[in-house]
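Colleague: mind folding the following:
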Amino acid sequence: MRNERPSLLFVHGAFHSAACWDHHYLPWFEDQGWFAHAVSLRGHGDSVGNLRENPGLADYVSDIKQAMDQIGGPIVVIGHSMGGVLAQMARARYREIVGAVFLASSPLRPDPLVVLRMFFRHPVALIRNQVFGDMEAGREAFTSFFFSPDLDPALKRKYVAELSGESYRAVKEVFSRSRPEVPDLKSRPVLVVAGDDDWSIPMKDNEELARTFNASLVVCPGAHDLMLDPNWEISANSIANWLSTTFPD
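Modeller: Below is the predicted model of the structure:
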């Protein structure tokens, strides 16, 4: 039976799908008594739509709204990476979002040192991505920071096999967008969660995001894909503690 607390809607990042939440977070949060859902954005996973249509962030926000309408009631949106950006946009637009968690959320602008590190690891893939808009090649470069080096190799192969393609337009818009709108910070609070081994997002960017939303910043062990990290339960517990405090029974 559904409880009185808000529902949770998990939003994946670039190249991912709702499957990234199925391994740990969704069943774990359901066991904690939360009504938890995940959405696959158009062209990702088993969703409808085609990435050849090159959807933008606004299209993905519409997908989130569709999922929210199906769930109904107040919702806390939990967005990872690009999904964190989408969560910021959706929160500004839809008042039924009563809280938000930005999990390893993409910064406003790419850090030059991060780009340089990706280039040295995957120069051909990054050039094909940046010059020719080849997102299939780009996935190889982006995947280099998704997973912890401590992740079991068999699990890493499984997670990589589950990755989707991505829209060049959407990724470009992530790093060319304006500063986020921040309405109703007291009544619709935010939590920022970062991974201490996530070299793709410098800690200063997580700190800036927390300041922008007047939010607490929690730093957890793990790489960029915190929900798939060997230490995933620590970040899950951090989110659950915030949820229970912010939205008590």
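Colleague: please count neighbours and contacts with C-alpha atoms only from this point.
Modeller: OK.
Colleague: the bottom helix or strand of the chain by mean pLDDT?
Modeller: The helix or strand of the chain with the lowest confidence, counting by mean pLDDT, DSSP states H and E, is helix 123-132 at a mean of 66.
Colleague: show me where the protein has its helices.
Modeller: Taking DSSP state H, the helices of the chain run over residues 19-22, 25-31, 57-71, 82-93, 112-121, 123-132, 135-143, 153-161, 168-174, 203-212, 232-246.
Colleague: of those helices, which is nearest H44?
Modeller: helix 19-22 (9.7 Å; C-alpha to C-alpha).
Colleague: what does the closest one contact?
Modeller: 10, 12, 38, 45, 159, 162, 227-228 (C-alpha atoms under 8 Å, 6 or more residues apart in numbering).
Colleague: before we move on, back to that, turn the helices of the chain into CSV, columns for mean neighbour count and distance to V193.
Modeller: CSV is the format used below for the helices of the chain (neighbours: other C-alpha atoms under 10 Å; distance: least, C-alpha to C-alpha, whole Å):
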stretch, mean neighbour count, distance to V193
helix 19-22, 19, 16
helix 25-31, 17, 14
helix 57-71, 17, 21
helix 82-93, 24, 10
helix 112-121, 14, 19
helix 123-132, 16, 27
helix 135-143, 19, 20
helix 153-161, 13, 21
helix 168-174, 18, 19
helix 203-212, 17, 8
helix 232-246, 16, 8
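Colleague: which one, of these, ends up nearest to L103?
Modeller: helix 82-93 (6.3 Å).
Colleague: now the closest one and helix 57-71, what's the angle there?
Modeller: Here the directions of helix 82-93 and helix 57-71 differ by 70 degrees (axes from the mean of the first three to the mean of the last three C-alpha atoms, to 10 degrees).
Colleague: with just CA atoms, put stretch 161-172 into PDB.
Modeller: Taking Å, rounded to 0.1, in the frame of the first residue of the first chain, the C-alpha atoms of stretch 161-172 are listed here in PDB:
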ATOM      1  CA  ALA A 161      26.700  -3.800 -22.100                       C
ATOM      2  CA  GLU A 162      23.600  -2.100 -20.700                       C
ATOM      3  CA  LEU A 163      24.700   1.400 -21.800                       C
ATOM      4  CA  SER A 164      22.700   3.200 -24.500                       C
ATOM      5  CA  GLY A 165      23.600   5.700 -27.100                       C
ATOM      6  CA  GLU A 166      23.200   9.400 -26.500                       C
ATOM      7  CA  SER A 167      22.100  12.600 -28.300                       C
ATOM      8  CA  TYR A 168      24.900  14.900 -29.300                       C
ATOM      9  CA  ARG A 169      22.600  17.800 -29.000                       C
ATOM     10  CA  ALA A 170      21.700  16.900 -25.400                       C
ATOM     11  CA  VAL A 171      25.300  16.600 -24.300                       C
ATOM     12  CA  LYS A 172      26.200  19.800 -26.000                       C
END
